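> I would like the atomic coordinates for the input below:
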Amino acid sequence: VIWYRIYISSWKVNQRWKYDSEHLLQKKLRDTAISDPELGYWKKIFVRELMMTREKNVTQIMKSVKRYSSGDASVNMQKAVKNSGLTWALTFLDVYGKETVLEHTDVSFRDSSLTLTWNSYIWPELQSLRKIQLHGITPVLTDKCYKTIKNGLQRLSLIAEYDLKKGRNLGKYIGQDMHVKLFHLHPYLILGLWRNGPEIAFVMGTIHYHQLLEKSFLGSAESPYTFPPHVPILDDVDPEYGLHGYQLHIDLYSGPRTYLCKTFRGLFCRKDYIKNGYLRITAIGLLKNRMHAPLAGTVSFLWKTLTFSGSIQNCFLMDVTVLDESEKPYWCLSAPVQLCEGKSSETLYDLMGQSFDLNYRDDIGRVHAELIWMKETEEHYVINLVLYLNTEKVNSYFGTNYTDYSC
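Numbers count the residues shown, from 1 in each chain. Model prediction:
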């Protein structure tokens, strides 16, 4: 009877007393008497109705975000997160079977990605950790104003899982200052560890907006959402289909600081630039001085715990969005990167300052940039920026058959 009354009350609220809602409710009650169903029937019906309502709301939210241009992405992603009640949580699993769950303590929105922060006074012991899981969490139950009810029903969607192997697998080293070391758990997570001991200082996450909502809404607690396979759109007319018409948006930043935010259009790769399994696409050419771009200010990665804060020099976050000729996302990423001393001293700017390299790699491609430190103006300049797209991935996406160029 309790669940029956909850169900009736919830139905009236959710329908907002539409004209025909009373008739639909009466039909449901007429078809099933209170004494007829088995034990737990109304609870199951109530939860099922909630899940159906949630799925409908989630679908509407995802459609609304896709209707807007990339220029509105940040504002509309904020609305989507707020309207859905979406949060993100980390689950730490140790070798003793203990689970520790922490919801994010802060979130900031950029042009093409969001940055999450998890802070706590008490962290699980790193050396006993077996796995970390990243989940998107949405409420199933809301109040009359559609606000999340504390301790209410929630839906979990696994976004990523990381095998730490008792703290022995911490990902890629990014950089350090006098207090913390930075590691990248690909994809999404950034671990900040205290230098004076193997303990967690903070955890950050950086996730590109592309397919973020699907990953956060549509998976289950145990497995990520499986996207439908891409079906290539074939073109038998264009002999260089898939080699031209690319667009790159790159954002280099940390916290509120923006070091570089720039869009490059009309990018292409000549067939004789397909080598070593990659298409080479140049956004900033070494010999084209007018294209060289300065980074605003001294670059560093800003970090903060509940009690301390600092910055790690020559490290920052990088968002990359590559669109194809039809302006659909081809390659999207958000990750921490580090400036390393340039291996080659034979550049045009040897006499002006120290050279640096920036490199990023994943299954889809590579990003390579060369920078120099201008002593006179005390700023970095990007003098070369090149994308390398994996040839096999390009062929799979466009239905082409490109191979390495041979004379």
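
> mind checking pLDDT for the residue nearest to the spatial centre of the chain?
By CA atoms, centre = their mean, the mean C-alpha position of the chain lies nearest to Ile207, the distance being 1.6 Å. In this prediction, Ile207 carries a pLDDT score of 97.

> repeat that for Arg361.
97.

> next: Phe217.
90.

> quick one, phi/psi of it?
For Phe217, the backbone dihedrals are phi -100, psi -40 (criterion: degrees, to the nearest 10).

> how about Leu126?
phi -60, psi -40.

> ok, it - contacts?
Leu126 makes contacts with 164, 167, 193, 198-200, as judged by CB atoms under 8 Å, 6 or more residues apart in numbering. Quick note: C-beta positions are derived from backbone N, CA and C, even for glycine.

> buried subset of those, written for ChimeraX?
Provided next is the ChimeraX selection string for whichever of those are buried by 16 or more other CB atoms under 10 Å:
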select :164,193,200
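
> now Thr117: which helix or strand?
strand 113-118 (DSSP states H and E).

> what about that strand, average pLDDT?
97.

> which strands and helices sit next to the helix or strand just after it?
Downstream of strand 113-118, the next assigned helix or strand under DSSP H and E is strand 129-139. Applying 3 or more CB pairs under 8 Å, 6 or more residues apart in numbering; DSSP states H and E, one finds that strand 129-139 contacts strand 87-94, strand 154-163, helix 212-217.

> need those in a markdown table with mean neighbour count and distance to Asn119, can you?
Formatted as a markdown table, those follow (neighbours: other CB atoms under 10 Å; distance: least, CB to CB, whole Å):
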| stretch | mean neighbour count | distance to Asn119 |
| --- | --- | --- |
| strand 87-94 | 19 | 11 |
| strand 154-163 | 18 | 19 |
| helix 212-217 | 21 | 21 |
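
> need the ones you listed in a markdown table (columns: distance to Gln133).
As requested, those are exported to a markdown table (distance: least, CB to CB, whole Å):
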| stretch | distance to Gln133 |
| --- | --- |
| strand 87-94 | 4 |
| strand 154-163 | 5 |
| helix 212-217 | 13 |
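
> out of those, which comes closest to Leu134?
strand 154-163 (4.6 Å; CB to CB).

> direction included, what does whatever helix or strand comes next after the closest one pair against?
Counting by DSSP H and E, the next helix or strand C-terminal to strand 154-163 is strand 172-176. Each strand that pairs with strand 172-176, with its direction, by DSSP bridges: strand 180-185 (antiparallel).

> now the following helix or strand past the strand it pairs with and strand 129-139, what's the angle there?
Going down the chain from strand 180-185, the next helix or strand is strand 189-194, by DSSP H and E. Interaxial angle of strand 189-194 relative to strand 129-139 (axes from the mean of the first three to the mean of the last three CA atoms, to 10 degrees): 130 degrees.

> roughly how far does Lys181 sit from Trp194?
8 Å (CB to CB, to the nearest Å).

> make that Ser326, sorry
48 Å.

> Tyr397 too?
Taken as CB to CB, the span from Tyr397 to Trp194 is 43 Å.

> repeat for Trp88
23 Å.

> equivalent analysis for Thr87, please.
On the measure of CB to CB, Thr87 and Trp194 end up 26 Å apart.

> repeat for Val237
59 Å.

> more crowded one of those two?
Remark: of Val237 and Trp194, Trp194 carries more neighbours, 17 against 6, as counted by other CB atoms under 10 Å.

> surely the more buried one meets Val180?
Yes: Trp194 is within contact range of Val180, at 6.1 Å (criterion: CB atoms under 8 Å).

> what touches both of the two?
Common neighbours of Trp194 and Val180 (CB under 8 Å, 6+ apart) are Ala201.

> which residue comes closest to Gly365 once chain neighbours are left out?
The spatially closest residue to Gly365, leaving aside those adjacent along the chain, is Leu389, at 4.4 Å (CB to CB, 6 or more residues apart in numbering).

> pLDDT value on that neighbour, please?
Reported pLDDT for Leu389: 98.

> okay, now the unreliable bits of the stretch 1-150 of the chain?
1-59, 61-71, 141-150 (pLDDT under 70).

> next: the stretch 251-400 of the chain.
Checking the stretch 251-400 of the chain against pLDDT under 70 turns up 344-352.

> got the contact list for stretch 278-288?
243, 246, 248, 250, 264, 267-269, 273-274, 291-293, 347-348, 365-366, 369-370, 382-391, 394, 402.

> which SSE is Val394 in?
Short version, using DSSP H and E: Val394 is in helix 391-398.

> could I get that helix in CSV with only the CA atoms?
Coordinates of the C-alpha atoms in helix 391-398 are reproduced here as CSV (Å, rounded to 0.1, in the frame of the first residue of the first chain):
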residue,chain,number,x,y,z
THR,A,391,46.3,5.9,-41.9
GLU,A,392,44.4,2.8,-41.0
LYS,A,393,41.9,4.8,-38.9
VAL,A,394,41.4,7.3,-41.8
ASN,A,395,40.8,4.4,-44.2
SER,A,396,38.3,2.8,-41.8
TYR,A,397,36.5,6.1,-41.3
PHE,A,398,36.2,7.2,-45.0
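
> what packs against it?
Counting by 3+ CB pairs under 8 Å, 6+ apart, helix 391-398 packs on strand 278-284.

> adjacent strands (with direction) for the strand it packs on?
Strand 278-284 is paired, per DSSP bridges, with strand 274-275 (antiparallel), strand 379-390 (antiparallel).

> any idea how far the shortest one is from the middle of the chain?
Put plainly, it is strand 274-275. 29 Å (CA atoms, centre = their mean, to the nearest Å).

> please convert the strands paired with strand 278-284 to a markdown table, extending it with distance to Leu102.
Output for those, formatted as a markdown table (distance: least, CB to CB, whole Å):
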| stretch | distance to Leu102 |
| --- | --- |
| strand 274-275 | 46 |
| strand 379-390 | 35 |
